Structure formats: structure tokens, C-alpha cells
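J.: okay, sequence plus prediction incoming.
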Amino acid sequence: MNLIIEILLSVTTVSLVSLIGILFVGVGESMMKRLTTALLGFATGALIGGALLHMLPEALEECGPSAFQYTALGIVSFFIMEKFLYWRHCHDGECPIHSFVYLNLLGDGLHNLIDGMIIAASFLHSYELGVTATLAVILHEIPQELGDFGVLIYGGLSKSRALLLNFISAITAVLGSLIAYYTAFHVQEAILNLIPFAAGGFLYIASTDLMPELHKRSSPKDSINQLIMVLFGLSVIIFLKNLLTKI
């Protein structure tokens, strides 16, 4: 299959994840909480596995020790992006709901733009890395998009408008992939450095966004279930890595 088609199919699939909210419109609150917790655990393991067991080793092979610098840069950059664009909590007891909705969409659009560039850069390096990056993005997008859908509804948007705006912010991934693909030959080294940068971003998401949410449910039963899902997420990445190596 043509490389650009593979990239576009991958980022389109990622963009469609933004519509996942439609599947849970009729789900009860208690069931939604259980599903979200399971997805968070699975996504945490998959992100850690994708970053440490696949993306970072590939980056070290291509970039050498400088890969660690770009990993650190990825962590800091995702922190800055979340700090100024992707606010998730109310402050001082005040919640400017409507402003928050559009800041959330803006931050999500920028985040998805970077995701698209990361996926394209990964495919430009190898098919195996491209598939792994796509899976990692999808797995962290599922719980994130569920949360975003809830935020938009809470902010006063109708369900149909929330789904539409969430999807529009998600398709910036397509733009990001095209930018990365068509500039790759001119800025090949910069595109290659996106891989350790992405690894840092994935580690940031897993450790600062997802894990704290898991800690909110700390009963022995919940903790065991979370651990099982985290290990399951890691196992899927290991299995996928071994499978793709043989293709």
C-alpha cells in the first residue's frame, strides 16, 4: 500500500475516535465510571509500553543519546501545552464553563495536530513503528475523547454539537500528518526527532493525566483491576511489537 495512504488511513481512524461519545449516550453513570476506569488502566500500560519498549529504543538507535534530550523536551512541552491550553479543572471555586469549552477544543486541536505529525513521522521511519504509534495514540484518545465529550456537554453544548466540534478538533491530525509527510525530505532530522519527543509526551500523559485518575479509586478490588488492565496494556504493546517484527 502507498505510504501516504497508510498514513491517512491511520490518522483518519484516530480522528474517528472522537465520535466515541455517541456509543455511550445511553449508558448509565455507574457503568460509565467502570468502563472509563478500565480504559484508563489499559491506556496507561499501552502508553508506557509504546514509549519505553518501542519508541525510545528506536529513537536511541537513530538519534543516539540525544534521544533522551528530545524525550525530556516532549515531557516539558506537553506540560506547557496542558498548562496553558488544556485546563481540566476549575480554579478558586469558579468555573468559566463556556470559555473552558473552547479552550478545551483549542488544546485538543493542537494536541491532535501533533499526534498526526507523530504518526506520519513514525510511518516514514518504518511500518512497524507507524502502527505502534497509531495504536498508542488511539488508546490514549479513547478515554480522553470520552472525557472531552463529557466536558462539552457539561459546558452547555447539545450532544450533536459536542460530537461535531469534537470531531472538527480531531481532524487536525490529518493536517499534521500531511505537514510532516510533505516536509519530511526538507526537515528529515527534525521529523525523526519527533519520535523521542512523542515518547516523552506519551510518558507525560500516562504519568500525570491517567495515573492520578486511577488513584482516585483506591479500594483493593479497584487497585487489582487497574493493575490487571495496566499489565494488559503493556502486554498488547509487547505482543504487537513481536508480531510486527515478523511481518
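T.: Arrived safely, thanks for sending. Residues are numbered from 1 along each chain as shown.

J.: the worst-scoring helix or strand of the chain on mean pLDDT: what's the following helix or strand?
T.: Between all helices and strands in the chain, the lowest mean by mean pLDDT, DSSP states H and E belongs to helix 188-192, at a mean of 71. Later in the chain than helix 188-192, the nearest helix or strand by DSSP states H and E is helix 194-204.

J.: residues in contact with that next one?
T.: 47-48, 50-52, 55-56, 58-59, 62-63, 67-79, 114, 117-118, 121-122, 125, 129, 133, 136, 140, 180 (CB atoms under 8 Å, 6 or more residues apart in numbering). No exception for glycine: its C-beta is placed from N, CA and C like everyone else's.

J.: run the last query once more with 7 Å
T.: Contacting residues not belonging to helix 194-204 are listed as 47-48, 50-51, 55-56, 58-59, 63, 67, 70-75, 78-79, 117-118, 121-122, 125, 133, 136 [CB atoms under 7 Å, 6 or more residues apart in numbering].

J.: buried among those residues? Make that a ChimeraX selection.
T.: Taking 16 or more other CB atoms under 10 Å as the burial criterion, the selection of buried members of the contacts of helix 194-204 in ChimeraX is written as:
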select :47,48,50,51,55,56,58,59,63,67,70,71,74,75,78,117,118,121,122,125,133,136
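
J.: tell me which of the contacts of helix 194-204 fall in helices.
T.: Where the contacts of helix 194-204 overlap with helices, as defined by DSSP state H, the overlap consists of 47-48, 56, 58-59, 63, 67, 70-75, 78-79, 117-118, 121-122, 125, 133, 136.

J.: distance between stretch 194-213 and the chain's centre?
T.: For stretch 194-213, the gap between its own C-alpha mean and the chain's C-alpha mean amounts to 8 Å (CA atoms, centre = their mean, to the nearest Å).

J.: and that stretch, end to end?
T.: The separation between the terminal residues of stretch 194-213, taken as CA to CA, to the nearest Å, is 27 Å.

J.: now stretch 46-59
T.: Across its full length, stretch 46-59 reaches 18 Å end to end, with CA to CA as the criterion.

J.: ok, residues contacting it?
T.: For stretch 46-59, the surrounding residues in contact (CB under 7 Å, 6+ apart) are 67, 71, 125, 129, 132-133, 136, 139-140, 195-196, 198-199, 202-203, 205-206, 233-234, 236-238, 241.
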